[in-house]
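Asks: Model the structure of this input:
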Amino acid sequence: MTLFRPATRADIPAVVAMLADDILGAGREGAEMAPYLAAFDAMQDEGANHLIVGENGGHIVACYQIVFISGLSLSGARRAEIEGVRVAAHLRGRGLGAALMADAEARARAAGCRLIQLTTNRMREDAHRFYARLGFTPSHIGFKKSL
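Replies: Residues are numbered from 1 along each chain as shown. As a prediction, the model looks like this:
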């Protein structure tokens, strides 16, 4: 049974390993933990920015980041932004991802959100099918600009 809980600093190496465990992450994640720990500390200070991990048998096997955003559009709807969704490679295809996203949705509802949104890289075709099965729709086009 997987327990979803807020991450601690001790969980960061396992989370980074999952972020690096694919063709995209392998090229953009590093081995030095200091920047990740500093980012985690900053997330903790922000209050509405949470890293959630899935723990099973004492091992971190899944993770996601959820940020709660208040805004004016949609009649002042609060929304949840999901990022960094990962499931350990050896557990993919067993329902853990669906459980992880159900946890995210429950947290979003509990925070008063009326909308949950996420972005995913165009190359992640398996992820696109997964999100569509969960009821997400590709309703927007996203843009990024490195600074």
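Asks: rest of the way, CA atoms for contacts and neighbours
Replies: Fine.
Asks: And for residue 26, nearest residue in space, chain neighbours not counted?
Replies: Of all residues not flanking residue 26 in the chain, residue 20 sits nearest, at 4.6 Å (Cα to Cα, 6 or more residues apart in numbering).
Asks: ok, the one you found to residue 31 distance?
Replies: Distance, residue 20 to residue 31, using Cα to Cα, to the nearest Å: 9 Å.
Asks: where along this protein do the helices fall?
Replies: Along the chain, counting by DSSP state H, helices occupy 12-20, 23-28, 34-46, 73-76, 96-110, 125-133.
Asks: Tell me which of those approaches residue 66 most closely.
Replies: Relative to residue 66, the nearest member of the helices of the chain by Cα to Cα is helix 96-110, separated by 7.2 Å.
Asks: Please name the nearest non-neighbouring residue to the residue most central in space within the chain.
Replies: In the chain, the residue lying closest to the centroid (Cα atoms, centre = their mean) is residue 64, at 2.4 Å. In space, and not counting its chain neighbours, residue 64 is closest to residue 85: 4.3 Å by Cα to Cα, 6+ apart.
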